[in-house]
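1. My questions concern the predicted model and sequence given below.
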Amino acid sequence: MLDQAKEKSLSKLISKMLRHTPEEFGIVLDQEDGSCSIDTLLTAIQAQPKWAWIVQEHIEQVVSQSEKQRFEMIDARIRARYGHSHDRVSYAPADPPSILYHGTNKKALASILKEGLSPMNRQYVHMSEGTHFAIVAGSRRGELVMLEVDTLSAKQSGITFYYGGNEVWLADHIPAASCSVMKGTKEKEESIHE
């Protein structure tokens, strides 16, 4: 078992390998779903001097313990479910719930309410079915502001939604008219950290 610090550090390395710079580690991801074999990932991790002792069970621990459930293992393959900044991963269009949530910071709010949500340095805008994931994601960037996304309005504007797994939804862009500030964000943030 990895202790919490090593688990977090390994999770960051796996994110870099599967979400951001796979080529830097000699990993070629499947163009359809962004996956690679677990053996390929393990070999790439073990090639890093700091991580030469890692075994598959450590990867499985990171996958199962990740609060955001970033990774998914199916059969002998692993992939990042969302959050890619490298080659675009394809997802099938799907129908989301009528309201999704997006956590952001107060500094970005004026721009979002004017221009809408954009993917920034990611391939897609990320939203969630519940507030927990959005709070966790939005709390990293400064003072948290929670947005509600009216998916029916967005779809009427021509937006396509994709399901990334584990209650995470993706879109290329969300129009400003489909975004509103959620009331009571502070109380929800405090209850999540209790």
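-> That came in fine, so what should we check first?
2. tell me which residues form a beta bridge with the residue lying closest to residue 77 once chain neighbours are set aside?
-> Ranked by CB to CB, 6 or more residues apart in numbering and with sequence neighbours excluded, the top spatial neighbour of residue 77 is residue 35, at 4.4 Å. (C-beta placed from N, C-alpha, C; glycine too.) Per DSSP bridges, residues listed as beta-bridge partners of residue 35: residue 79.
3. 273 is where my numbering starts, stick with that
-> Yes, from this point I'll number from 273; that puts the last item at residue 307.
4. what's near enough to touch residue 307?
-> 301, 346, 349-351 (CB atoms under 8 Å, 6 or more residues apart in numbering).
5. Residue 331 too?
-> 282, 286, 310, 313-314, 317, 345, 350.
6. Repeat the analysis, applying 10 Å as the threshold.
-> 274, 282-283, 286, 310, 313-314, 317, 343, 345, 350 (CB atoms under 10 Å, 6 or more residues apart in numbering).
7. which of the residues you listed lies closest to residue 369?
-> Residue 369 lies nearest to residue 343 out of those, by CB to CB, at 23.5 Å.
8. I'd say residue 346 and residue 308 touch.
-> No: Residue 346 lies out of contact with residue 308 (CB atoms under 10 Å); the separation is 11.8 Å.
9. Same drill for these two, tell me which one is more crowded.
-> Using other CB atoms under 10 Å as the criterion, residue 346 and residue 308 rank with residue 308 on top: 19 against 10.
10. Please look at the more buried one and residue 291 and confirm they touch.
-> No: when contacts are counted by CB under 10 Å, residue 308 is not listed as touching residue 291 (12.0 Å).
11. which neighbours do those two share?
-> Overlap of the contact sets of residue 308 and residue 291 (by CB under 10 Å, 6+ apart) consists of 301, 351.
12. Mind listing residues that contact the lengthiest helix in the chain?
-> The longest helix of the chain (DSSP state H) is helix 276-287. Outside helix 276-287, the residues within contact range by CB under 10 Å, 6+ apart are 273-275, 293, 297, 313, 316-317, 320, 322-323, 326, 330-331, 333-335, 337-340, 342-343, 350, 352, 355-357.
13. For residue 348, give me the pLDDT.
-> Residue 348 carries a pLDDT value of 92.
14. Count the neighbours of it for me.
-> 11.
15. again with residue 319
-> 11.
16. ok now do the closest residue to it other than its chain neighbours, which residues does it touch?
-> Nearest non-adjacent residue to residue 319, counting by CB to CB, 6+ apart: residue 297, 7.3 Å away. If you count contacts by CB under 10 Å, 6+ apart, residue 297 has them with 285, 288-290, 312-313, 315-317, 319-320.
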